[in-house]
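# Got a predicted structure here, sequence first:
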Amino acid sequence: MSTPRAYPVGTGWIEVVCGCMFSGKTEELIRRLNRARYATQRVVVFKPSVDVRYAAEDIVSHSDARLPCFPVTDASDILRRVGDAQVVGIDEAQFFGMELVEVANRLADEGRRVIVAGLDQDYRGVPFEPIPQLLAVAEYVTKAMAVCMVCGAPANRSQRLVHRERRVLLGSSDTYEARCRLHWQPDAFDSEQQRLPLADESG
Ligand code: ADP
Ligand code: MG
């Protein structure tokens, strides 16, 4: 994978970090943003205000790495608040909808480095827009993998553990776990079952 080494003069670009839950997207986003801060670049970070799982005004990884951010309701709010930032981080991008594609392109066209992290599939394995569209227009793409909680293999699916039909269900390790293709059960709730046992509960 080629990663930009320095902030180039006069051009911007889009980087996408995608994968399933627990794959380290937020950790990787924070790592890249911290490196930009060490390089004394002006950095700003956004997340959708619906994501209040750990903190209202930080992006937070499952390993508790965190960075202050602006929570915003719409992708267009990013344009209003971006100021003169050279590097723009956006976490949980799947909650922004298709408007984010135009916003990210515009920021990159203005000469900024745009780093977007988000889920590439929903709990049913359906590509989660706008990530597929962002992957198409991005200069740099990273697909991160988690560890399957059943067998330890690389995992790229999010297993929902509780029965809810809606696509967006905020949660963490009590609600989802990472699974490989073999152990992922998208149809687990077609039966009467309301909650799947965690992998380490099922023995
Ligand atoms: P994401 O943003 O992709 O959901 P995070 O960056 O928030 O992921 O969290 C990654 C961290 O989650 C890992 O460093 C590890 O501490 C923790 N973790 C919990 N379950 C798993 C798993 N099944 N596979 C990998 N990491 C996991
Ligand atoms: Mg995350």
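The structure has been received and is ready for your questions. Ligands and ions are numbered 1, 2, ... in the order given.
# Please identify the buried residues of whichever strand or helix holds Glu102?
Using DSSP states H and E, Glu102 sits within helix 99-109. Neighbour counts over helix 99-109 (16 or more other C-beta atoms under 10 Å) mark 100-101, 103-105, 107-108 as buried. Every C-beta, even on glycine, is put in place using the N, C-alpha and C of the backbone.
# again with stretch 37-51
41, 43-48, 51.
# Between these, which sits nearest Gln159?
Distance to Gln159, by C-beta to C-beta, is smallest for Asp51 among those, at 19.8 Å.
# Please work out how many residues are found near the residue nearest to that closest one when sequence neighbours are not counted.
Using C-beta to C-beta, 6 or more residues apart in numbering and skipping residues adjacent in sequence, the residue nearest Asp51 is Glu92, 4.9 Å away. Glu92 is flanked by 21 other residues according to other C-beta atoms under 10 Å.
# quick one: contacts for Glu92?
Neighbouring residues of Glu92 by C-beta atoms under 8 Å, 6 or more residues apart in numbering: 47-48, 51, 59, 117-119.
# which residue ranges form the strands in this structure?
13-19, 43-48, 58-60, 66-68, 70-72, 87-90, 113-119, 140-144, 146-147, 154-155, 157-160, 176-179 (DSSP state E).
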